[in-house]
Each structure stands twice: as C-alpha cells, then as structure tokens.
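K.L.:
coordinates only, sequence not included:
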C-alpha cells in the first residue's frame, strides 16, 4: 500500500515512539495498566498502543477497502451514506394488546420516528406466547401475554393493530421467532381484505430458524427450519418482490455472549448454507440475496464494533460474489438494521445506560448502517416506558441532526487502526467460516453443538473478565452506588391477558367453522408432505399458500403452529 | 468413602427456565459454576410449572432455581409454592433469578422464595448461600 520511503519512515517512527513508550512501561513496572502493555479487543485481538502506515501495508486499497458504493463495499453499499437520507429510525415496539402497541407506534411517529425517505416503518415484536407458537388461552401462556412483545395472534388482532392504515403505504417488520409463516400469512390475508395484493406489501419477515443454534428457546428441528426458510424466500420471490424475506440475526450472537468475530463469521457461514440450499431448488444466489438483510449489534468495544461492520460488508460481498455466484451488486450488499446492545446495559444506575446507548448509536452511525433501534435505558429492568422509548429515539435524532457526521461517508476509513482492525476481524471471521465449512456448513455445525459451544466459551470468558475487574462496567464492578433510588418499572396491565383470551375464544366461536376446518385439514396434509420433502423439492409455495388460506379462515398463530410443530418437530434447542 | 457415597452427599440442584424465554445466558452460567462448585446440577426447560414439579419429585433435588427474564414469573412461583406445600416438600430450597422487579422480589420472599438473584449478582453469591444452608 505504501512506497518504500514511507514504509521505512513509518517503521522508524514507531521504533522511536516505542523507545520512549517502553521507558514508561519500565517506570510503571507492575503497576502499568493492562491496556498499556497487552491490550486486546473484546474479541481478544491484540491491539497496539498506536498504529502506523506499515500496519496497513498488506491491505489492498482496491481489493480490500474500495470506495463507498464500490465492491467490496467495505466503505458502504452506496455512493451516498446519509447525505440524502438519514438512517431509518426503527425502534422495536410491542407490548400488551394490539391497541397498546398501536398507541406506542402513534406516539413515536408523533415524536418524529422516520423511515427511509420519510416513509413510515414499524418494527414490531411479537410476544413470547406467539414465539412459542401458542395462543393466549394455552396454560403455558399464563403471565406472558403481551410480555416482551405484542399479543397478536390472528388476522383479527392485526386488523386492530393497523386500523385505519393503508398497508401499501407502510413498511412493517414482523419480529417473530419461528412463527414467520403464520404471521406472514395473516398479514397477507389482512391486506387482501383491504383489496391489496401481496405483491404491494413492504416489510420484513425474520425467517430466523438459524438463531436456534444460539438462542435458548424452543425451535423447529434445524433441517426443517432451513426448509421453512427456503420456502418463504421462494414464495416471496414469486409473489412478493418488495418483501424482505430473511434477517441474518447476528445481534443474537453477541447478546448470547459471542464476540464481534463470531457475530459476523456465523452470519456469513449461515448465509453460505442458505444460498447453497436455496440453489438446490433452482433459485440463483441473487434471487436469495437481494432480499436478505441483517440485524447487527453495537456494543461496548467502540472501534471493534465499527470495524466489525466494515469487515462484514467486505467478507459478505467477496464470498457471495466469488464463491456463491452473486452477480447483482445489491445481492452483495449488507443492509443493516443495527440494534444497540441490550446485554451490556445494567440494572444498576439505569440512566447511565443512556450514555452507553448513545455511544453505541454513534458507533453504528460511523460504521454506516441503514436503520437503527436504540435500546431504552430501562432495558435491563422492564419493557421501555413511554419516556425511555422517546429518549432512545432522541439519541438517534441528536446524532442525525446535531453532530454533522451525516455529511461524510465512512469517516473513519484510512485510519491506520481502523483499517488494520477491520482487516484482522475479517481474517479471523473467515477462519471461523472455514472451520464451519469443514464440518459441512452451518446447520451441520449447529447439530454438533459446535456453534453453541463456541459462543458459550466467549460468554464465559467475558464474564470472568468482568468478575475479575479486568473489564470495567460502571455501576456494576466500579463506581457503584450504595442507595439507588427505586426505578420506575413499566408493567403490562394483567387485564390484557384476560382480554386476549376472551378475544381468541370469541374468534373461534364466531368464525366460519366449515371454512376453517377445510383450510386446516389442507394445511395439515401440506405440512406433512413438506416434512417428507428434501430441501431441493421446496419451492412450489404450497405450504405458504395453505397457511394464507388458513389465515383467511381466521386460523390463529397457535393453531397453525400446532400443525407445523407436530409435522416438523419442535424441541428446546438444548436437545439439538 | 466410596465414590457412590461421595456422589450421594452432593447437593442436588434443579435449574429451570421457561422455553419461551430466550434469555438463558445467566442460568447456563449458573449451571456451569454450580457444577464446578461440586453440586449435582440438572437443567430443564419448561412450558408449564407442572413439568418442574415432576422433575423436582423424580430427581429428589435439594435446591430448585427458576430463571425468568421475560416476565410471567409470578404465576410460575405461585403454582410451584402451592404444589410444594401440597406435596409437603418443606425442605426444598427455592430460589429465583433473572429480571424480576424489586416489588415482585419482596412478594416472592413473602411466599417462601429464599432469594432472587438478579442482574449484577454473581453465581458465587447463590453458591455461597446454598453451601451455608446445607453445611452441617
């Protein structure tokens, strides 16, 4: 990257610097802080006290860095970053009954929540009952209706949620776990009632089956999860060209205790497996990748988290293009919804979390993400209050409006440290990908427990560093407060559960029983056939067609999931 | 002392987490730390509290720890406490963990839950408490 004169000068400068620096190390002796003599990133990458031109000499400007909007997209997907359009504000919303969630949607819209090019988007999370594939009147739902998400279980609930809205004009992210098929089916059926064809709908399914490798809740058997993922992608390819089919859930890797390297390495490893399997059904790499997006974390190690995003863009584009056959640049892009870390927030001195989330959001903006959810300061205590949710949105707005960082794309490019660290993270993530490929790919590695073990080892290592005080967390292992005031806790009204139960029972009583029975019998047959299919036989859309029919007949999430889980196998992840 | 006798004297702990609740990082750490501390640890996911009760009886455990980080903890503990009363399992040492609001912790303690280990506590706190309880 540099000419000989610059290299020689650079090395001489570092040597001179080291002479003085080493004297300080000698002077401090054992009392020198760990960061002075052997600093590492959160991922464990050794870092130097200062970086020089020769540290980036093995990095190729064209092949490794490029320009904003140019392959390999290290510096961003498009020639413009935020100059014409800020990142989209995508706060996660969802609690209580659909009308409770709707009130929060309207509240944040009134506070200036803005999507791409001024559009309205809603990032809506379903509750734990729905994630578990249950209805609110199941015994396992007790105490959980509308907790950690919205209690939406049917087309009818969705109608309350979106009442008076033109579904053509909004963009809806449906944050489900493994109930992506029922949720999409219900949304399509609701749109039909408004006279809107599925092809006009904009939004996002999660298609999150891959997260069962590291997220500890019940899930489909991995091979069948993969078939469901491919089915949804194939269906949307044919019927819903504007729909984003799959979200690569890197966020969950870091939240489970994984490192930045593991987060991006695992997402690439899964992406490879997904494209490979989808190709068996006759789809091209581009057909899969054009509608794949990412959810990526932004946690405490400021520069590593930024470099991780840059590295991800590079390794994804290069691997997908060179190895998997992606030809359309949009299929090589890593479109990122950044979710600032919840796992690093503390229950102690909760307002301090506002400072942490501001740093996370600032880092995310510097790394060039497309959309952002900033965690609320009371995340470690409860569902965000209206006040904390508003402040989390304000964090984004302050950075967007006041800092002037939106004027320049990838502003940290060229920093010796940032380029060197980006390169090292990319290298180590690709090493992880190679290890997983040796095992036969992501799903094979998941079934061996490899992915979970790797993440758990990182979680343990982090915990030990925090407990020993090597990694500081303000309010937790340093600067503690003795008598903290009692924080305000948001609670979902327990009455919501009763109402949800009444509604679902009334729905069952009122709906057209013949129509329902017929649709569900069909769904059952199709699901059983689906279970017997090899992934290469997926793609006729029969499963989602049947689910949409069931949704038209007012089938609930729990009812549809009961058929799918029975046919396809459903266990806690610890059993896989 | 034979190996069998040694294993008989180990404190038996059942750790349980709702299947709905993806926040398992804490409880899995506690499980590993407790194993390191010499406890015999059984881990179970559950959908409804009756699954825990079955496990408690079948495995004859000394300690039950229930982790909840996604709400819905009160009905679970209510069911458990009622069942243990009925089964006369008065000696069972019941603890909780996860994200549980302070007011609920007070209520849970009133119901007989010995302690709730929330964010910021360490597995060692729970281990020390159990060791103290079962010393002698």
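P.N.:
Yep, it's here. Quick caveat: nothing in here was measured; it's all calculated off a predicted structure. Numbers count the residues shown, from 1 in each chain, chains lettered A, B, ... in the order given.
K.L.:
and stretch A:525-535, how far from the chain's centre?
P.N.:
Taking CA atoms, centre = their mean, to the nearest Å, the mean C-alpha location of stretch A:525-535 is offset from the chain mean by 29 Å.
K.L.:
in it, which of the residues would be classed as buried?
P.N.:
Across stretch A:525-535, burial judged by 16 or more other CB atoms under 10 Å in any protein chain shown covers A:526, A:527, A:530, A:531, A:533, A:535. Every residue, glycine included, has its C-beta placed from N, CA and C.
K.L.:
what do you get for stretch A:137-157?
P.N.:
Across stretch A:137-157, burial judged by 16+ other CB under 10 Å covers A:137-138, A:140-157.
K.L.:
just stretch A:502-513 next, same as before
P.N.:
By neighbour count, and taking 16+ other CB under 10 Å as the criterion, the buried residues in stretch A:502-513 are A:503, A:504, A:507, A:508, A:511.
K.L.:
three-state assignment of the third one?
P.N.:
Going back to what we said before, that points to residue A:507. What DSSP: H, G, I helix; E, B strand; the rest coil gives for residue A:507 is helix.
K.L.:
between the buried residues of stretch A:502-513, which is nearest chain B?
P.N.:
The closest of those to chain B turns out to be residue A:504 (CB to the nearest CB; 17.2 Å).
K.L.:
wasn't that closest one part of a helix?
P.N.:
Yes. Counting by three-state DSSP, residue A:504 is part of a helix.
K.L.:
pretty sure it contacts residue A:153?
P.N.:
Yes. In this structure residue A:504 lies within contact range of residue A:153 using CB atoms under 8 Å: 6.1 Å.
K.L.:
which neighbours do the two have in common?
P.N.:
Listed as contacting both residue A:504 and residue A:153 by CB atoms under 8 Å, 6 or more residues apart in numbering or on different chains are A:135, A:136, A:556, A:558.
K.L.:
rewinding a little: how about the buried residues of stretch A:502-513 in a markdown table, adding distance to residue A:438 and pLDDT?
P.N.:
Output for the buried residues of stretch A:502-513, formatted as a markdown table (distance: CB to CB, whole Å; pLDDT from 0 to 100):
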| residue | distance to residue A:438 | pLDDT |
| --- | --- | --- |
| A:503 | 51 | 98 |
| A:504 | 48 | 98 |
| A:507 | 50 | 98 |
| A:508 | 50 | 98 |
| A:511 | 51 | 98 |
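K.L.:
redo these as CSV? Include distance to residue A:451.
P.N.:
What follows is the buried residues of stretch A:502-513, written out as CSV (distance: CB to CB, whole Å):
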residue, distance to residue A:451
A:503, 39
A:504, 36
A:507, 39
A:508, 39
A:511, 41
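K.L.:
residue A:210: which of those residues is nearest?
P.N.:
Comparing the buried residues of stretch A:502-513 against residue A:210 with CB to CB places residue A:504 closest, at 30.0 Å.
K.L.:
hey, where'd the strands end up in the stretch 201-350 of chain A?
P.N.:
A:202-204, A:219-220, A:243-244, A:246-249, A:292-298, A:336-340 (DSSP state E, counting those that start in this stretch).
K.L.:
next: chain A.
P.N.:
For chain A, the strands defined by DSSP state E cover A:88-89, A:92-93, A:120-125, A:170-175, A:202-204, A:219-220, A:243-244, A:246-249, A:292-298, A:336-340, A:371-373, A:570-571.
K.L.:
near chain B, anything from the fourth one?
P.N.:
Going back to what we said before, that points to strand A:170-175. No. Strand A:170-175 lies apart from chain B when judged by CB under 8 Å from any CB of the partner chain; the minimum separation is 12.2 Å.
K.L.:
picking up where we left off before, dump the strands of the stretch 201-350 of chain A into JSON lines; add distance to residue B:76, mean neighbour count and mean pLDDT as well.
P.N.:
As requested, the strands of the stretch 201-350 of chain A are exported to JSON lines (distance: least, CB to CB, whole Å; neighbours: other CB atoms under 10 Å in any protein chain shown; pLDDT from 0 to 100):
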{"stretch": "strand A:202-204", "distance to residue B:76": "33", "mean neighbour count": "21", "mean pLDDT": "97"}
{"stretch": "strand A:219-220", "distance to residue B:76": "21", "mean neighbour count": "26", "mean pLDDT": "94"}
{"stretch": "strand A:243-244", "distance to residue B:76": "36", "mean neighbour count": "23", "mean pLDDT": "97"}
{"stretch": "strand A:246-249", "distance to residue B:76": "27", "mean neighbour count": "27", "mean pLDDT": "98"}
{"stretch": "strand A:292-298", "distance to residue B:76": "30", "mean neighbour count": "26", "mean pLDDT": "98"}
{"stretch": "strand A:336-340", "distance to residue B:76": "28", "mean neighbour count": "27", "mean pLDDT": "97"}
